[in-house]
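> I would like to see how this sequence folds:
(2 chains)
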2 protein chains.
Amino acid sequence: MSTHPAKPSMRDSLVAAAFQLFLERGYEQTTIDDIVKTAGVGRRSFFRYFPSKEDVVFPDHEQSLADMTEFLAASADTDDPLVRVCEATRLVMRMYAENPTFSVQRYRLTREVTGLRTYELSVVWRYEKTLGDYLRTRFADRRDGTLRANVVAAAVVAAHNHALRHWLRSGGEGDPLAEVDRALEFVRETWSPDAAAPAGADDDVVVVITKRSTPMWRVVREVESSLGES
Amino acid sequence: MSTHPAKPSMRDSLVAAAFQLFLERGYEQTTIDDIVKTAGVGRRSFFRYFPSKEDVVFPDHEQSLADMTEFLAASADTDDPLVRVCEATRLVMRMYAENPTFSVQRYRLTREVTGLRTYELSVVWRYEKTLGDYLRTRFADRRDGTLRANVVAAAVVAAHNHALRHWLRSGGEGDPLAEVDRALEFVRETWSPDAAAPAGADDDVVVVITKRSTPMWRVVREVESSLGES
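I've put the predicted structure just below:
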């Protein structure tokens, strides 16, 4: 579960000890001293890995955010931005899917403890910001680029969380990656209907936008030109 | 500013005293005792209106959430749900717009204090949930109803916050309601393209969606029919 390069076993055992105690006596009733005692390590070791008790509940998000940032930075200008943010978001679900038992335990804990719920909201906000930063760059030449980037980022995160919540509520049953793909597909289709269609397919969709006052001959010319028939 | 029915003046003077002190000496350095002393009231009066120091920073959100809930509950089944959630969200911007100076001061405070930023995220989440609850009911008969409701609610909130942030960053200059209307229009058009177009307006935008394989004569007929010229 840990992705920390140095001494992964100590980090893992701190997380395991923390969750054992959270489940046994509750989150609020567990102190950092209890956790280090159970893990058999010193107090200083805890703070080497986690700034606070809340952070031990979400041990993988920093790495996951770094992975998402790296993935998006490696994008090509020819990539469809909608496809790209959906793929980046899929990485987060993969992290949850790697350890269903732990993910479900944490979900239940987060429902019960207000402080953890707010912590989670701030993590979600960082994912949304990471996606938004990438989209703002990609949409920079559009008049409504920033607005579009912010709205799409929020929609992608909402679709991911929809699938994630459904999977966690079911107790971690089923295929969470298939669920998130279905949810992300809804967003992708909304703003990038052509992206996933194979090139030259007979059912390409053409969208013509015109003002009601535009003369008919201009509308026809525009349609013909879009269809490559002029 | 206050919408509390009883003793609005005491509530208002607590908010005014709190903000005076936050600006003078900083949020962290101000205690609740300082606030009540400056407002000239007893400590118990503070807690009659606000559960914590954080709550005095956001004195209007509870009322605003109640207004939004009431507005959505008063919806008719014939209302376009997209138009309705955009109108509900506009109520929030109106609350900010009522007192630009206060809104801008609070915005700057929220940038500086992490605890207030997280508080704000939880408020935003409650607005999103309120909109989502309404949309889930309205989309209940769709196969993807819950997903669609969650994604649309997130998109509406993101559009609102886009306009709000822009206005606050500019120091409260310009017309925030016009800004939020433009942003919400983007979302409304995305999922409910037919809803708000005034009948017969000369600059209506017409969107024609067709398959690449559709014969030209059918495309033209479709465009003519959309323009009401057939």
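> which residue is nearest the centroid of chain A?
Nearest to the mean C-alpha position of chain A, counting by CA atoms, centre = their mean, stands A:Thr89 at 3.7 Å.
> nearest spatial neighbour of it, skipping sequence neighbours?
A:His160 (4.8 Å; CB to CB, 6 or more residues apart in numbering or on different chains). Glycine gets a C-beta too; all of them are placed from N, C-alpha and C.
> and the one you found, how far from A:Asp181?
Distance, A:His160 to A:Asp181, by CB to CB, to the nearest Å: 10 Å.
> higher neighbour count, those two?
For A:His160 versus A:Asp181, the count of surrounding residues by other CB atoms under 10 Å in any protein chain shown is larger for A:His160: 26 against 16.
> could you check the angle helix B:145-169 makes with whatever helix or strand the more buried one lives in?
Assigned by DSSP states H and E, A:His160 falls within helix A:145-169. Comparing the axes of helix A:145-169 and helix B:145-169 via axes from the mean of the first three to the mean of the last three CA atoms, to 10 degrees yields an angle of 140 degrees.
> show me what the very next helix or strand once past helix A:145-169 is packed against.
Later in the chain than helix A:145-169, the nearest helix or strand by DSSP H and E is helix A:176-191. Contact here means 3 or more CB pairs under 8 Å, 6 or more residues apart in numbering or on different chains; DSSP states H and E; on that basis helix A:176-191 packs against helix A:81-97, helix A:145-169, helix B:145-169, helix B:176-191.
> how about helix A:176-191: buried residues?
By neighbour count with 16 or more other CB atoms under 10 Å in any protein chain shown, helix A:176-191 contains the buried residues A:176, A:179-181, A:183-184, A:186-188, A:190-191.
> look up the closest residue to A:Trp191, ignoring the ones flanking it.
With CB to CB, 6+ apart as the criterion, A:Trp191 has its nearest non-adjacent residue at 5.4 Å, and that residue is A:Leu82.
> phi, psi of A:Gly42?
Dihedral angles of A:Gly42 (phi, psi; degrees, to the nearest 10) stand at phi -80, psi 160.
> so the residue lying closest to it once chain neighbours are set aside: helix, strand or coil?
What sits nearest to A:Gly42 in space, not counting adjacent residues and going by CB to CB, 6+ apart, is A:Val36, at 6.3 Å. Of the three states, A:Val36 takes helix according to DSSP: H, G, I helix; E, B strand; the rest coil.
> list the contacts of the residue nearest to A:Trp191.
A:Leu82 makes contact with A:152, A:187-188, A:191-192, A:195 under the criterion CB atoms under 8 Å, 6 or more residues apart in numbering or on different chains.
> now do the closest residue in space to A:Ser64 that isn't next to it in sequence against chain B, distance only.
Nearest non-adjacent residue to A:Ser64, counting by CB to CB, 6+ apart: A:Met95, 4.9 Å away. Noted for A:Met95: a distance of 21 Å to chain B, by CB to the nearest CB, to the nearest Å.
> wait, A:Met95 sits on A:Asp60?
Yes - contact criterion CB atoms under 8 Å: A:Met95 and A:Asp60 qualify, at 5.4 Å.
> wait, A:Glu128 sits on A:Ala159?
No - taking contacts as CB under 8 Å, A:Glu128 lies outside contact range of A:Ala159: 11.8 Å.
> of the two, which one has the most company?
A:Ala159 (27 against 21).
> what's near enough to touch the residue nearest to the more buried one when sequence neighbours are not counted?
Excluding its sequence neighbours, the residue lying closest to A:Ala159 (CB to CB, 6+ apart) is A:Ala183, at 4.0 Å. Residues in contact with A:Ala183, defined by CB under 8 Å, 6+ apart, are A:159-160, A:162-163, B:147.
> quick one: contacts for the closest residue in space to A:Ala39 that isn't next to it in sequence?
Leaving aside its sequence neighbours, A:Ala39 sits nearest to A:Ala17 (CB to CB, 6+ apart; 3.8 Å). If a contact means CB under 8 Å, 6+ apart, then A:Ala17 has A:35-36, A:38-39 as its contacts.
> number of residues surrounding the nearest residue to A:Phe71 once chain neighbours are set aside?
Among residues not flanking A:Phe71 along the chain, A:Ala88 sits closest, at 5.1 Å (CB to CB, 6+ apart). As a burial measure, A:Ala88 scores 22 neighbours (other CB under 10 Å).
> let me see the domain layout of chain A.
Here the domain parsing of chain A from automatic domain parsing is A:8-56, A:60-191, A:203-230.
> could I get those as TSV with mean pLDDT and distance to B:Glu112?
Formatted as TSV, these follow (pLDDT from 0 to 100; distance: least, CB to CB, whole Å):
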stretch	mean pLDDT	distance to B:Glu112
domain A:8-56	93	20
domain A:60-191	96	16
domain A:203-230	61	43
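> turn those into TSV, columns for distance to B:Thr101.
Below are these laid out as TSV (distance: least, CB to CB, whole Å):
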stretch	distance to B:Thr101
domain A:8-56	35
domain A:60-191	25
domain A:203-230	40
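> among those domains, which is the most enclosed?
domain A:60-191 (a mean of 18; mean count of other CB atoms under 10 Å in any protein chain shown).
> distance from the chain centre to it, please.
Offset of domain A:60-191 from its chain centre (CA atoms, centre = their mean, to the nearest Å): 1 Å.
> who are the neighbours in contact with the closest residue to A:Arg148 other than its chain neighbours?
For A:Arg148, ignoring the flanking residues on the chain, the nearest one in space by CB to CB, 6+ apart is A:Phe139 at 5.2 Å. Taking CB under 8 Å, 6+ apart, we find A:Phe139 in contact with A:81, A:145-146, A:148-149.
> ok, A:Phe139 to A:Ile35 distance?
44 Å.
> could you measure from A:Val36 over to A:Thr130?
Distance from A:Val36 to A:Thr130, by CB to CB: 32 Å.
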